[in-house]
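Here is a sequence together with a model predicted from it:
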Amino acid sequence: MIGNYPLHLMILVLLWGYIYTSWSLMGRLGLVSFGHGAFMGIGAYTVVMLWNHFGLSPWLGAPAALAFAALVAVVIGYPCFRFKIVGHYFALVTLALSEVARLVIVALRDQTGGSLGATPNSALHGGASAAPGALQFSDKQVWFWIVLAFWLAGLWVWRAVDRSMGRLALQAISEEEEAAASIGIHVTRAKLRITLISALMTCVGGVLYAQYQLYVNPDTVSGIGISLQMVFGAIAGGMFVMLGPTVGAAFTLLLAEGLRLAFGNKYPALDSTLYGAMLVLFIIYMPKGILGAALEALRARTARPMAPRSSSGMPSA
Amino acid sequence: MDVFDIFLMEAILNGLLLGGLLALLSLGLNLIFGVIDVVWICYAELIMCGMYAVYYLHVQYHWPLLAAMAAAVVIVAVLGVILHQFVIRPVLGAEPINQLLVTGGVLFFLQAAATLVFGIEFRNLGVTLPSIRLGEMSFSAARLVAFCVALAGMVGMYLFLSRSYLGTAIRAISQDRAIMPLMGVSPARIFVVASALGGALAGLGACLLVLQYDVHPAIGLSFGPITFLICVMGGLGSMAGGFIAAFVFAQFISVGGFFFHLEWGYVFAFAFFIGMMFWRPQGILGRR
Amino acid sequence: MLSLSKVCAGYSSFQALFDVSVEVGAGEAVAVIGPNGAGKTTLLRVISKLIEATSGEIRMQGASLARVPAHEVVARGIAHVPENRRLFPRLTVEENLRMGAFPRAARKRYAERLKFVYGLFPRLEERRSQPAGTLSGGEQQMCAIGRALMSGPKLLLLDEPSAGLAPVVVQAIFDLVRRICAQGYTVLIVEQNIRQVLKVVGRAYLLEAGRIRLAGNSKEFLDSQEIRKTYLGL
């Protein structure tokens, strides 16, 4: 069937697509979190540590991770939303969160292996290819179906959130808090709910990532780097559209892989330098993301001329 | 624990010295944000570039140390202007998230470019300054020098901002940007000045840091996030607030690191920060 | 000194001025009156180049302002006191005045102009080290006008100086404007307080919905039946 490498890429696209979609649940509300690396790290490290140190199966470790992630989400989210910390402040607070998560992981080096990372003890004894109890499978095809299922679940959650809250309510909360509150939308509670869902989903993503790659490292699952990457991926695809984050995942992954294959061996870090440069250019010239820009182009082609809307304008006289 | 434990006292004083340096770092970031309303997520990476500049000029090209440092300040000031003109300006009208992301992209870019050009090895300036003894406590002279220079830098900035026309304009533009042209001030020009100043402050910080720490491409991650935290806790855009917050944070890091591993100091600082957020969300001297 | 001919201007979604022509001679005090939303503030913003006219000509002392960027208008001798004062709230009174003297030519005369402004507004000198945001409405208006005077302008643009002020204060402000005019400054005032402003200026224009409907000297305006009925409620 499909070779291992392409399968591996598809799994990663779906997995990151799922994670970026989770992020976008908050992003589209204007809650731009630079801290989702914390939730992913919690998911990844909790299951691996509980398995390595206590032999606790990831099936039990995951709920523990989820509980922890939920706690963190509420502790950080509540003051932010209650006191209307938004925009730059919110981004920086969440950025600090992801860094602290990384620092905690490194600080607990005796348990976590610190910057060197950790590997979950193998449950695949004697050439077995599957250990469902330990959530370890050596056959990539199994992982493909698992990740696909979660990816679809993520899209389903997206659609469910959309429907339950209503598009207008979401927009109202993100743009005009006072107006939203005045029509009875309990803004803080709504934001907390979305944050919780987003955090928990990302945490699950971390669990899956750890069990699939069978290696975790504070820099690959937590910290600024991964948090920024999530934001980039979601925005690059277009975070207001359901499939946007997935497109972003595909784009960023294939771009990184392509650059790595082309340049990776000749000059180390040339590929990531080009990647960084492209990201900057992308934000400047395609701020709505690939899907967003495509949809806009489509809309412009088929739209009838509208009456000009009034812009911000100047005071009355 | 005996409160007059001499090593605790040393940690506290070291925290004071660290605070001065962190205050300088946060000054540049606050200046940029206050004037241009943009956060340079890549600020620490600009500092990294400055550190490399000092290293290469002094170690590879054998410039005298002070000349290398002066040049580094200028180089990073220029980098700041380039960053503003080519990366920030195109997104000035866009959503704040785009501005954050674009500087985030520059963060990636600079880290990768530094790895490409300089390699991942840790590089040491090779300048060792003596330790200074005060009773039974010893302090690194590098730390003391950094503290003094940082203080001088801040005083200089304060005088510039309060006494000169340009400085007053910089303070004014953060209060009402739209009417600046009526004063004969071109906001675009002020932005360039602020970018150069922010870069210069980063360059100065780089000179002080390179005396104490080895430089490598990822070093920005060591003090970038903490600088952001300090600025937010002091009130984003408030230079006085950042000043106070820097010393508070430095104490957490120093004393926390004294009792536990170094990283825990940061964790406590962050926990304190979260607590502060419940109490005063806009920061110590921030405005809503 | 200042002449606008057939100026059209607006914002991205609507046009605010239609073929507006206004003349202000040297040393004159002229008012532009009209209801809310007539375009009066837009008119001043077009002169100080905060917005660009879409058509028509604006000349200051014969020279066109067409390609002059907003921040160079002060150097041409035009000082604009914006609507709502727009002081820098956290700068002190004196720092606000200093900002008015930002242009290089103005910096040289800073000390003497500061003395002149404090002479006109002694209350400002008392409060020179106070943050401007803590001043009362009337004091803020004085400070805003003083700030504009620091650049040594030839033409002063005043946008609704009496807006939001108590009647007693309004009286004081208009007295001030009269004194400024007496000093020889050329003044163009935009106002809603028609009765008061017509006592201070020599000529006026009526701006309604972006068009000049009437023009004449103050006495003609005060005598006009239409004005009396529509705007003075008589």
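Looks like it arrived, so ask away.

where does the stretch 1-150 of chain B dip in pLDDT?
Low-confidence segments of the stretch 1-150 of chain B, defined by pLDDT under 70: B:1-4.

ranges for the strands of it?
Using DSSP state E, counting those that start in this stretch, the strands of the stretch 1-150 of chain B run over B:131-134, B:137-140.

Pull the contacting residues for residue 230.
Since you didn't name a chain, this refers to chain A. A:Ile19, A:Tyr20, A:Trp23, A:His36, A:Gly37 (Cβ atoms under 8 Å, 6 or more residues apart in numbering or on different chains). In short, each C-beta sits where N, CA and C put it, glycine included.

Switch to chain B, please.
B:Leu22, B:Ala23, B:Leu25, B:Ser26, B:Gly242, B:Ala245, B:Ala246, B:Phe249.

What is the neighbour count of the fifth one?
As a burial measure, the neighbour count of B:Gly242 was computed by other Cβ atoms under 10 Å in any protein chain shown and equals 33.

part of a helix, is it?
Yes. Looking at B:Gly242 with DSSP: H, G, I helix; E, B strand; the rest coil, it is inside a helix.

Test my guess that it contacts B:Val232.
No. Assessed by Cβ atoms under 8 Å, B:Gly242 is found out of contact with B:Val232, at 9.2 Å.

On the strand side of things, show who the most centrally placed residue in chain C bridges to.
Geometric centre of chain C, nearest residue: C:Leu158, 1.4 Å, by Cα atoms, centre = their mean. Beta-bridge partners for C:Leu158, by DSSP bridges, are C:Val81, C:Ile189.

per-residue confidence for it?
Looking at C:Leu158, its pLDDT stands at 93.

one step back: so of the contacts of A:Met230, which two are at opposite extremes in space?
A:Tyr20 and A:Gly37 (12.7 Å; Cβ to Cβ).

Indicate the residue of chain C located nearest to chain B.
Nearest residue of chain C to chain B: C:Ala70, at 3.5 Å (Cβ to the nearest Cβ).

who's in contact with that residue?
B:Pro181, B:Leu182, C:Ser48, C:Lys49, C:Leu50.

C:Val169 too?
Taking Cβ under 8 Å, 6+ apart as the criterion, C:Val169 is in contact with C:Ser136, C:Gly137, C:Gly138, C:Gln141.

swap in C:Glu125?
Neighbours of C:Glu125 in contact, by Cβ under 8 Å, 6+ apart: C:Tyr118.

how much space between it and C:Thr92?
12 Å (Cβ to Cβ, to the nearest Å).

and what of A:Ala96?
35 Å.

what's the answer for C:Leu155, then?
Distance from C:Leu155 to C:Thr92, by Cβ to Cβ: 27 Å.

Also B:Val54?
Look at B:Val54 and C:Thr92: by Cβ to Cβ, they are 39 Å apart.

Show the contacting residues for B:Phe258.
B:Phe7, B:Leu8, B:Ala11, B:Gly265.

Tell me the helix or strand right after whichever strand or helix holds it.
B:Phe258 belongs to helix B:239-259 when assigned by DSSP states H and E. Counting by DSSP H and E, the next helix or strand C-terminal to helix B:239-259 is helix B:262-279.

name the helices or strands packed onto that next one?
helix A:58-82, helix A:87-107, helix B:220-234, helix B:239-259 (3 or more Cβ pairs under 8 Å, 6 or more residues apart in numbering or on different chains; DSSP states H and E).

mind putting those in CSV, mean pLDDT included?
Formatted as CSV, the helices and strands packed on helix B:262-279 follow (pLDDT from 0 to 100):
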stretch, mean pLDDT
helix A:58-82, 90
helix A:87-107, 85
helix B:220-234, 87
helix B:239-259, 86
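
Helices of the chain, residue ranges please.
You didn't pick a chain, so chain A it is. For chain A, the helices defined by DSSP state H cover A:4-27, A:36-54, A:58-82, A:87-107, A:109-112, A:140-165, A:167-175, A:177-182, A:187-213, A:218-221, A:224-237, A:244-263, A:270-285, A:289-302.

oops, I was thinking of chain C
Using DSSP H, helices in chain C cover C:40-47, C:93-100, C:104-108, C:110-120, C:122-126, C:137-149, C:167-182, C:194-198, C:218-223, C:225-230.

can you pull the pLDDT of A:Ser272?
82.

which ones are touching it?
Here A:Ser272 is in contact with A:Ala256, A:Leu259, B:Phe108, B:Gln111, B:Ala112, B:Thr115 (Cβ under 8 Å, 6+ apart).

rewinding a little: and C:Leu155 and C:Thr92? Which one has more around it.
Using other Cβ under 10 Å as the criterion, C:Leu155 and C:Thr92 rank with C:Leu155 on top: 23 against 18.

Point out the most buried one among the strands of the stretch 1-150 of chain B.
Looking across the strands of the stretch 1-150 of chain B with neighbours counted as mean count of other Cβ atoms under 10 Å in any protein chain shown, the highest average goes to strand B:137-140: a mean of 15.

So which of the contacts of C:Val169 wins on neighbours?
Going by other Cβ under 10 Å, C:Gln141 tops those with 28 neighbours.

quick one: it and C:Leu165 touch, right?
Yes. Between C:Gln141 and C:Leu165 there is a contact under Cβ under 8 Å: 6.7 Å.

between the two, what contacts are shared?
With Cβ under 8 Å, 6+ apart, C:Gln141 and C:Leu165 have common neighbours C:Ile173.

Quickly check: stretch B:87-95 near chain C or not.
No. Judged by Cβ under 8 Å from any Cβ of the partner chain, stretch B:87-95 stays clear of chain C, getting no closer than 12.9 Å.

first vs last residue of that stretch, how far apart are they?
In stretch B:87-95, first residue to last residue: 14 Å (Cα to Cα, to the nearest Å).

one step back: and the contacts of A:Ser272, which is closest to B:Val76?
Distances from B:Val76 to the contacts of A:Ser272, taken by Cβ to Cβ, are shortest for B:Gln111, at 15.8 Å.

Helix, strand, or coil at the nearest residue to that closest one once chain neighbours are set aside?
Leaving aside its sequence neighbours, B:Gln111 sits nearest to B:Pro217 (Cβ to Cβ, 6 or more residues apart in numbering or on different chains; 5.2 Å). Three-state call for B:Pro217 (three-state DSSP): coil.

ok, the closest residue to chain A within the stretch 51-200 of chain B - how many residues close by?
The stretch 51-200 of chain B approaches chain A most closely through B:Phe109 (3.1 Å), counting by Cβ to the nearest Cβ. Counted by other Cβ under 10 Å, the residues lying close to B:Phe109 total 22.
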